[in-house]
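Undergrad: return a 3D structure for these sequence lines:
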Amino acid sequence: MRLTRFTDLALRVLMRLAIEGSDLPTTRDVAATMEVPYTHTAKVVARLQHLGLIEARRGRGGGLTLTSAGRAASVGGVVRELEGAGDVVDCDGATPCPLRGACLLRGALRRAQEAFFATLDPLTVNDLVAAPTGPLLLGLSGRAPTGAGGP
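TA: As a prediction, this is how the structure comes out:
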């Protein structure tokens, strides 16, 4: 299974926000840190805000914050929500597969997809920013990792 670019970016945005302290990055800041277009990031931010995982405040002192629900969100749940419940293969599409009535592959792929999600279920967004990822994200965002040795 391969995640869409949208889901990949959404997870990276959540991770970026999970390391934030009192500094609230803007959507542009996050896009620059993740080296992705602002327009894509803005769409992701809107969806994550709609899901209640982040808050976006406008104006002076505004920016993006991860909600407590976002911090505790299951990675598997987030991926399921963003990827949808569709099958890995489209057996009933515009040109239906002639094997669909007796095929064992569709069920096997559905079980594999569920195993993929189940592997992600116990992980929370907060878990994703444990070392070494969190300190790396701090460095990318222009903040020095706490406790890191300097020159």
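Undergrad: okay, now the nearest residue to residue 34 once chain neighbours are set aside: neighbour count?
TA: Among residues not flanking residue 34 along the chain, residue 12 sits closest, at 5.3 Å (C-beta to C-beta, 6 or more residues apart in numbering). Placement of C-beta: from N, CA and C, glycine included. Residue 12: 19 surrounding residues under other C-beta atoms under 10 Å.
Undergrad: give me the below-cutoff pLDDT ranges for this protein.
TA: Of all residues in the chain, those with pLDDT under 70 make up the ranges 20-22, 141-151.
Undergrad: which stretches of it form helices?
TA: 5-18, 27-34, 38-50, 68-72, 75-83, 105-120, 133-140 (DSSP state H).
Undergrad: which other helices and strands contact the first one?
TA: So the one you mean is helix 5-18. helix 27-34, helix 38-50, strand 54-57, strand 63-66, helix 68-72, helix 75-83, helix 133-140 (3 or more C-beta pairs under 8 Å, 6 or more residues apart in numbering; DSSP states H and E).
Undergrad: any chance of these in JSON lines, with distance to residue 18 and mean neighbour count too?
TA: Shown next, in JSON lines, are those (distance: least, C-beta to C-beta, whole Å; neighbours: other C-beta atoms under 10 Å):
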{"stretch": "helix 27-34", "distance to residue 18": "12", "mean neighbour count": "18"}
{"stretch": "helix 38-50", "distance to residue 18": "12", "mean neighbour count": "17"}
{"stretch": "strand 54-57", "distance to residue 18": "10", "mean neighbour count": "17"}
{"stretch": "strand 63-66", "distance to residue 18": "6", "mean neighbour count": "20"}
{"stretch": "helix 68-72", "distance to residue 18": "6", "mean neighbour count": "15"}
{"stretch": "helix 75-83", "distance to residue 18": "11", "mean neighbour count": "18"}
{"stretch": "helix 133-140", "distance to residue 18": "8", "mean neighbour count": "16"}
